[in-house]
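Enquirer: compute the structure for the input listed below.
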Amino acid sequence: MTDTLNLPSNRHFRAFKRIVVTRTEEQSASLASEMTRLGAIVMVVPVIKIEPATLSGGDRSVLNGFHDYDFAVFTSVNAVINFFRVFNPDTTVRRRPAIIAVGSKTESAIQEFGFTPDFVPEKFNSKELLKSMGTLNLKGRRVLIPKGNLSGSEIAEFVRTNGGFPDEIVVYRTVPNESIDERLKKEISSGQFDTAVFFSPSQVKNFLNIFGVSVLKGKQIAAIGPTTKKAAEQLGLTVDVVPENSTTEELIVSLLEHEEN
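Expert: Residues are numbered from 1 along each chain as shown. Predicted coordinates:
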């Protein structure tokens, strides 16, 4: 799934700036295109790949009970795609859960499957999502949380703490990518880049597993949001750029602003 970014054309990266993007190639398409338009040399180095999870009979029973939940929380585009890949809900059924999306990209992905999210926080990151969910009445409510195998349980714990009944279901798996182009691996290993951009804790971890921490010495590091920033810092990195909203548009703007300062 790709999208078209809408950014001002009067700002540019410095000449020959080389930016490493650690997302999958499909997810990086619009981001890489926009960064290239703004003058950067983009190196797409997908250190992870996304695979559909194998669902048990119990998992499928949970999916089939979708319309009986009070809320359904989607925290990523991957969660949306892999949830609806295995579940084809009847959009004509009037009874359905209120759908919560972490941000605009997740909201758009949900809309492509025929649903309109009922709740999107003003700021697009997991911390703000929990803060915003505090305004909802969760007591006694059933909450469905499709997620990845490496996702935390903060939302489920929050729901439980507020008197609700969460059901988490793993619909996709994040695994290391063993098929990175050898030329790119050599360029990264020899430090031929200026900035590394990370979109999840697993990307940080797998990048370091492949290339080591030393290649990032003296490099600019950007993280899509506070969760990824925290993971990077716990692994000994210093994060220079974090957008207020966890969107590709604001990430690019934050990188440009950091360069100008």
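Enquirer: pLDDT weak spots in the stretch 1-150 of the chain?
Expert: Where the stretch 1-150 of the chain drops to pLDDT under 70, the residues are 1-10, 91.
Enquirer: all helices of it, in order?
Expert: Taking DSSP state H, counting those that start in this stretch, the helices of the stretch 1-150 of the chain run over residues 25-37, 57-64, 77-86, 104-112, 126-133.
Enquirer: now the longest strand along the chain: mean pLDDT?
Expert: Assignment by DSSP state E gives strand 165-176 as the longest strand of the chain. What strand 165-176 shows for mean pLDDT is 96.
Enquirer: and for stretch 245-258?
Expert: Here the average pLDDT along stretch 245-258 is 90.
Enquirer: name the residues of that stretch that come out as buried.
Expert: For stretch 245-258, a neighbour-count test (16 or more other CB atoms under 10 Å) marks 245-256 as buried. C-beta: built from backbone N, CA, C; applies to glycine.
Enquirer: what's the answer for stretch 179-197, then?
Expert: Neighbour-count burial for stretch 179-197 flags 180, 184, 187-188, 193-197 (criterion: 16+ other CB under 10 Å).
Enquirer: in strands, which of those residues fall?
Expert: In strands, defined here by DSSP E, the members of the buried residues of stretch 179-197 are 195-197.
Enquirer: for the residues you listed, which one is nearest Thr92?
Expert: Closest to Thr92 out of these is Val197 (41.5 Å), distances taken as CB to CB.
Enquirer: check contacts around the closest one.
Expert: Contact analysis of Val197 by CB atoms under 8 Å, 6 or more residues apart in numbering lists 19-22, 222-224, 251, 255.
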